[in-house]
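Colleague: Below is the sequence, then the predicted model.
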Amino acid sequence: MYKNNRTAVIVAAAGKGSRMGSSVPKQFLKIGGEYILVRTLKVFQKLDAVDHIFVVTGKDYVDFVGELAENSRLTKVESVIEGGSERQDSVYNALQEINRIKPGTSYVLVHDGARPFVSEETVMGVLEAVHRSGAAAACVSMKDSIRKSTEDSMGSVGVDRKDYYSVQTPQGFRKAMLIEAYEKAYDDSFRGTDDASVVERAGYPIEIVDGDYGNIKITTKEDLPMENRIGTGFDVHRFEEGRKLFLGGVEIPHDRGLKGHSDADVLLHAVMDALLGAAGLGDIGKHFPDTDMKYKGISSMELLKHVKKLLDENMYMVANVDVTLIAQKPKISPYTEEMRKNIADVIGIDISRVNVKGTTTEGLGFTGREEGIACEAAASIYR
């Protein structure tokens, strides 16, 4: 409660996020292993001034958001509401729900579900302004120079950026004011660009509150913060008579091959484990178990393609791969360039980002006795 006034927050999360190019709406992507929407909701969950949270989302995600709220202990989430055809409809649906189950609410904040970095200071600044003047919006001054197209659309003129602001959320209002403005907008078939424009059209001034440049709305992939991760892989295979030797996708002349369920390419197996480990996706034993006959004798290049698909689905890109093959024999230096190219082509990076090298154990251990080959790999990925 804020100064004896109950406050509800409407979190608008019904957008499809088509500009993100993802198979799921952007609010259901993850940052640091946590859903964007959950990060957003947690900001309001921990504020004492916020009493209730109402989430508006797409029809197919209503139950999912309810489960997220419960599993994340977001106890202030009162209701998850199905959104409308446009954002304005979604917010109005939430307003009706607030009036239905929390009629004593005085103030309403509206916030984008895809703005997970909003600060408590910004939220409180907007709420204080609502208490003071009735309607407010978080805004930041323009950084870039601004030009306006001329009437004939053949040119442009410069305008003073000091006269303009970039509008963010939350935007806050007295509940009665916001409902009145929405009903007037519907009566007049008006569609506003945001809630402040709807309220302003109804005759109420909007107080500008200092926002935060970090309070970005995640709209495209470029808006997502860079996440860098590192993984390692290690694998060992013993030699076996009568098998071909494959290393890095290259068939190498040798008197024996490596024993395994697949082609036993120990080098690619280490690379795959490094990539899967970096992404937190388990290991090759999980994805390609040696009990599954469909992987019997399969080329590890095909398995690497599947690992790349898993990385793509989780929006990871590979930065680089470094491999060390440990074997007394054979010498791999004549084949390392082809190995590098094979790996680079499959995981979609330049060959300069793939390094393959070999070493011996000076005759020590099982590799020194030429009983088998070991390989270790490191990989860095980002999204």
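Modeller: Right, received. Where do you want to start?
Colleague: can you pull out the strands in the stretch 151-300 of the chain?
Modeller: 156-159, 165-174, 207-210, 228-240, 245-247, 250-252, 257-258 (DSSP state E, counting those that start in this stretch).
Colleague: out of the ones you listed, nearest to residue 274?
Modeller: Shortest distance between residue 274 and these, using CB to CB, is found for strand 228-240: 3.5 Å. To be clear about C-beta, it is placed using only N, CA and C from the backbone, and glycine gets the same treatment.
Colleague: Only C-alpha atoms, please: export the closest one in PDB.
Modeller: The C-alpha coordinates for strand 228-240 follow below in PDB (Å, rounded to 0.1, in the frame of the first residue of the first chain):
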ATOM      1  CA  ASN A 228      28.800 -15.800 -22.300                       C
ATOM      2  CA  ARG A 229      29.400 -19.400 -21.200                       C
ATOM      3  CA  ILE A 230      32.300 -21.900 -21.300                       C
ATOM      4  CA  GLY A 231      32.200 -25.600 -21.300                       C
ATOM      5  CA  THR A 232      34.700 -28.500 -21.400                       C
ATOM      6  CA  GLY A 233      34.600 -32.000 -22.800                       C
ATOM      7  CA  PHE A 234      36.700 -35.100 -22.300                       C
ATOM      8  CA  ASP A 235      36.400 -38.500 -24.000                       C
ATOM      9  CA  VAL A 236      38.400 -41.700 -24.200                       C
ATOM     10  CA  HIS A 237      38.100 -44.600 -26.700                       C
ATOM     11  CA  ARG A 238      40.300 -47.700 -26.800                       C
ATOM     12  CA  PHE A 239      41.600 -49.100 -30.100                       C
ATOM     13  CA  GLU A 240      40.000 -52.100 -31.700                       C
END
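Colleague: Would you map the helices across the stretch 51-200 of the chain?
Modeller: 62-71, 87-101, 120-133, 175-187, 195-201 (DSSP state H, counting those that start in this stretch).
Colleague: and these, which is most packed in?
Modeller: helix 195-201 (a mean of 22; mean count of other CB atoms under 10 Å).
Colleague: Nearest to residue 370, out of the helices of the stretch 51-200 of the chain?
Modeller: Here helix 62-71 is closest among the helices of the stretch 51-200 of the chain (CB to CB), at 53.0 Å.
Colleague: What residue in this protein is the furthest from its centre?
Modeller: residue 255 (48.4 Å; CA atoms, centre = their mean).
Colleague: on that earlier part again, any chance of CSV for the strands of the stretch 151-300 of the chain, columns mean pLDDT?
Modeller: Formatted as CSV, these follow (pLDDT from 0 to 100):
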stretch, mean pLDDT
strand 156-159, 83
strand 165-174, 97
strand 207-210, 97
strand 228-240, 97
strand 245-247, 97
strand 250-252, 96
strand 257-258, 96
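Colleague: Next one: the residue farthest from the centre of the chain, what pLDDT does it get?
Modeller: pLDDT for residue 255: 94.
Colleague: Now do the strands in the stretch 1-150 of the chain.
Modeller: Here the stretch 1-150 of the chain has its strands, by DSSP E, counting those that start in this stretch, at 7-13, 30-31, 34-35, 52-57, 77-82, 107-112, 135-141, 146-149.
Colleague: Paired strands for the third one, with orientation please.
Modeller: Translated: strand 34-35. strand 30-31 (antiparallel) (DSSP bridges).
Colleague: What average pLDDT does the strand it pairs with get?
Modeller: The model assigns strand 30-31 a mean pLDDT of 84.
Colleague: same thing with stretch 366-375?
Modeller: 96.
Colleague: So which bits of that stretch are buried?
Modeller: By neighbour count on 16 or more other CB atoms under 10 Å, the buried set for stretch 366-375 is 366-367, 372-375.
Colleague: Now render the residues you listed as JSON lines, adding secondary structure.
Modeller: Output for the buried residues of stretch 366-375, formatted as JSON lines (DSSP: H, G, I helix; E, B strand; the rest coil):
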{"residue": "366", "secondary structure": "helix"}
{"residue": "367", "secondary structure": "helix"}
{"residue": "372", "secondary structure": "strand"}
{"residue": "373", "secondary structure": "strand"}
{"residue": "374", "secondary structure": "strand"}
{"residue": "375", "secondary structure": "strand"}
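Colleague: now, which of the residues you listed sits nearest residue 185?
Modeller: The closest of those, once distances to residue 185 are taken by CB to CB, is residue 375, at 64.9 Å.
Colleague: From residue 318, how far out is the closest one?
Modeller: 18 Å (CB to CB, to the nearest Å).
Colleague: what does residue 163 give?
Modeller: Residue 163 is 46 Å from residue 318, by CB to CB.
Colleague: Of the two, which one has the most company?
Modeller: Remark: of residue 163 and residue 318, residue 318 carries more neighbours, 25 against 8, as counted by other CB atoms under 10 Å.
Colleague: Is it correct that the more buried one is in contact with residue 344?
Modeller: No. Under the criterion of CB atoms under 8 Å, residue 318 makes no contact with residue 344, lying 9.2 Å away.
Colleague: Pull up the overlap in contacts between these two.
Modeller: residue 353 (CB atoms under 8 Å, 6 or more residues apart in numbering).
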